[in-house]
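Asker: give me the fold of what follows.
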Amino acid sequence: MNLAQKHTVLCLIIICAISLGFKLYLVDFSIPVHSDNLAYALNAIAHSNGDFTQPPHRGIGWSMFLSIFFSFVDSDNFLDYSNLSRIVSISVATSSIFLIYGVARKFFDERYSLVTSCLFAFLPHLNHNSIMGLSEPIFTLTILASFYFILNNKLKFVAISFILAGLVYWIRLNGFIIFIVISLTYLLTFKKSQNFLRNYGIGLIFFVLILSPMLLQKYEQYGDPFYSPYQGSMFSENYEQLVSNMTSNTDSSALDYIQNNGIAAFFGTFLLDGFVNSLSILAQLSFPYLFILLPFGVLFSLRAFDQKSQYIKANWIFIISSILLMSVIISVIPEKRFLFFLMPFLVIFSVIPIQRVTEYGLNTFSFSRKQKNIFLITVLIIVIILSGMFTLRYEKPDHILENEKFDFSKFALENLSGNALRDYGGSTDYVTDIILIQNNDFRDFKIDYWTEKTERNKYEYREIGVYAESIEDLILNGESSDLQYLISNNQKTFYYPFVDDVYHNEKNFPYLIKVFDSEEYGYQKLKIKVFEIDYKKFHEMMSG
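Answerer: Numbering: from 1, shown residues only. Below is the predicted model of the structure:
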């Protein structure tokens, strides 16, 4: 390793250390994981015990990777597994910094590749996500690696790229679109190169070989190799309707939507709205510094002369095709996590204006080599400061709030008998933790816990989704699903905001009987009320 390489490695290590510092500032190792990250941790425990059943709602790749590390742990404290999942996730996210440097070398020299690593390493949204033990860090890492190898346009590298594209689908159910994106990127970028069809064909064979174990098992379990609980209800108006359709096993296919609403409404909702939602989400993710650089980077990329045109073209194809293919999902579930994987590719464009200004200056001045170095260092210092300030905006876990959530989850299990509307305010985050973890049941966790055919637990409390656009609509639709309880939050949540309106106006809803008020229980941070629906009184009021 020559001196320049040693300096590069040292710089990457420093970048990783600073990025790790941001991550460790945000993480809290005293609270167990819950929600989606709980599911991944429990599935990993099942894998380490030899249960490789395909869970219905999420991919198996991340939990299988976690299970490698879990197999070395033997603890009766679930917090140990929670923290190990966080550590592995943080490690994967940090290691991505080295990989994006390698990808950036396709576009820039060493200095600007290090700048690319910096912009990626200090993104607050990705750092915050990396501490949760979720699948996004390894999802992004695998996609980035697949893109890196497809740019090499040699048979062995194309094969590796499609192997990685197969692993992406193992990690997340929506990962199948990456196979399409990588295929488009390769075919449109290298269509004039020799043997590109042969390379693609062999890559396709490797992709199918990687997928075949998962597809065969899904066929054995569900009778459909491409089974997903969302496939029959994805074309819904919004997330509440999607959840309601899944709960009631109601199909909502593209053809159904077109027949009911027309083809213009279909394209408007699932393509145009999804595209607009995606751009809005990416704009939010570009804070606190990419939003300044990215517009110029996009503009300069149209006339790039310091980068190979085929690589710029490949980056454009990857970004645009990803957004278009994700539009259906984003139109129904506008979730930021779904687009985290695009951030490395946006970062590449964001470095181009830094390179242009540094290397060529503006019309009125230019930089000497020393001034260029000073300018670059100044830019990176500003990036670090902005990232640090934005990171401080993230609220660290509030122990009082989390303890109150835990206490209410226990109350709900022991005192609410029946179906409650799913609360997106987080008040019941710890229901599954209590069911499985309190008695060390997590040690023998089986993945079939997630299936509807399994008797989940001894408690009668359940959470369901019901599609509605008003409180009256909710109660009318909820009656057929035996909906009994509504949890209303002091602050409006994204879904069911009309339920949260009841919190301050309960006197306007005499058919909702209050059975819990967090203030009466002395809660300091969790502000909720639980109401039981009196259907008889509701119908009397509606008929009167």
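
Asker: how about the nearest residue to residue 202, chain neighbours excluded?
Answerer: residue 159 (5.9 Å; C-beta to C-beta, 6 or more residues apart in numbering). The way it works is simple: take the backbone N, C-alpha and C, and place the C-beta from them, glycine included.

Asker: just the element for the one you found, please.
Answerer: helix 155-171 (DSSP states H and E).

Asker: what mean pLDDT does that helix get?
Answerer: Mean per-residue pLDDT for helix 155-171: 96.

Asker: which SSE is residue 486 in?
Answerer: Judged by DSSP H and E, residue 486 forms part of strand 483-489.

Asker: next structured bit after the helix or strand bottoming out on mean pLDDT in the chain?
Answerer: Every helix and strand of the chain was ranked by mean pLDDT, DSSP states H and E. The lowest is helix 239-247, at a mean of 64. Past helix 239-247, heading to the C-terminal end, the next element that is a helix or strand (DSSP H and E) is helix 254-261.

Asker: tell me which residues of that following helix come out buried.
Answerer: Across helix 254-261, burial judged by 16 or more other C-beta atoms under 10 Å covers residue 257.

Asker: where do the strands sit along the chain?
Answerer: 419-421, 462-464, 483-489, 512-517, 528-533 (DSSP state E).

Asker: beta partners for residue 485?
Answerer: Beta-bridge partners for residue 485, by DSSP bridges, are residue 420, residue 532.

Asker: contacting residues for it?
Answerer: 416, 418-421, 515, 530-533 (C-beta atoms under 8 Å, 6 or more residues apart in numbering).

Asker: could you list the low-pLDDT ranges of the protein?
Answerer: Low-confidence regions of the chain, defined here as pLDDT under 70, cover residues 1-3, 231-233, 237-253, 362-367, 395, 438-440, 451-458, 544.

Asker: could you rerun that using 50?
Answerer: Applying pLDDT under 50 to the chain flags the ranges 3, 453-455.

Asker: against residue 504, how distant is the residue nearest the centre of it?
Answerer: Most central in the chain under C-alpha atoms, centre = their mean is residue 337, positioned 2.8 Å from the mean C-alpha point. Between residue 337 and residue 504 the computed distance is 31 Å (C-beta to C-beta, to the nearest Å).

Asker: what residues does the helix holding residue 159 touch?
Answerer: Contacts of helix 155-171 (C-beta under 8 Å, 6+ apart): 59-62, 64, 135, 138-139, 142-143, 145-150, 152, 175-176, 178-179, 182, 186, 195, 198-200, 202-204, 206-211, 214.

Asker: list the buried residues in it.
Answerer: Buried residues in helix 155-171, defined by neighbour count with 16+ other C-beta under 10 Å: 157-171.

Asker: and if you look at stretch 312-326?
Answerer: 312-319, 321-326.

Asker: can you tell me which of those is nearest residue 274?
Answerer: residue 326 (7.2 Å; C-beta to C-beta).

Asker: quick one: residues contacting the closest one.
Answerer: So residue 326 contacts 174, 177, 274, 278, 338-339 (C-beta under 8 Å, 6+ apart).

Asker: can you check residue 372 too?
Answerer: Residue 372 touches 358-359, counting by C-beta under 8 Å, 6+ apart.

Asker: and if we set it to 7 Å?
Answerer: Applying C-beta atoms under 7 Å, 6 or more residues apart in numbering, we find residue 372 in contact with residue 358.

Asker: for residue 25, which non-adjacent residue is spatially closest?
Answerer: Sequence neighbours aside, residue 391 is the residue nearest to residue 25 in space, at 6.6 Å (criterion: C-beta to C-beta, 6+ apart).

Asker: got the contact list for the one you found?
Answerer: 22, 25-26, 124, 127.

Asker: buried subset of those as a ChimeraX selection?
Answerer: To isolate the buried members of these in ChimeraX, using 16+ other C-beta under 10 Å:
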select :22,26,124,127
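
Asker: list the ones among the contacts of residue 391 that fall in helices.
Answerer: In helices, judged by DSSP state H, the following of the contacts of residue 391 are found: 22, 25-26, 124, 127.

Asker: check these and tell me the two furthest apart.
Answerer: Largest pairwise distance in these, by C-beta to C-beta, is 10.7 Å, between 25 and 124.

Asker: quick revisit: return the member of the ones in helices among the contacts of residue 391 nearest to residue 265.
Answerer: residue 124 (37.1 Å).

Asker: pretty sure the closest one is touching residue 387, no?
Answerer: Yes. With contact defined as C-beta atoms under 7 Å, residue 124 reaches residue 387; the gap is 5.8 Å.

Asker: returning to what we had before: turn the contacts of residue 391 into a markdown table, columns for distance to residue 92.
Answerer: Converted to a markdown table, the contacts of residue 391 look like this (distance: C-beta to C-beta, whole Å):
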| residue | distance to residue 92 |
| --- | --- |
| 22 | 16 |
| 25 | 18 |
| 26 | 16 |
| 124 | 18 |
| 127 | 13 |
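
Asker: what is the nearest of the contacts of residue 391 to residue 357?
Answerer: Looking across the contacts of residue 391 and measuring by C-beta to C-beta, the closest to residue 357 is residue 124, at 24.0 Å.

Asker: give the contact list for the closest one.
Answerer: 288, 387, 390-391, 394.

Asker: ok, it to residue 392 distance?
Answerer: Counting by C-beta to C-beta - residue 124 and residue 392 are separated by 9 Å.

Asker: counting neighbours, what do you get for residue 59?
Answerer: 23 (other C-beta atoms under 10 Å).

Asker: so for residue 466, what's the nearest residue that isn't a sequence neighbour?
Answerer: Per C-beta to C-beta, 6+ apart, closest to residue 466 is residue 478, 4.6 Å.
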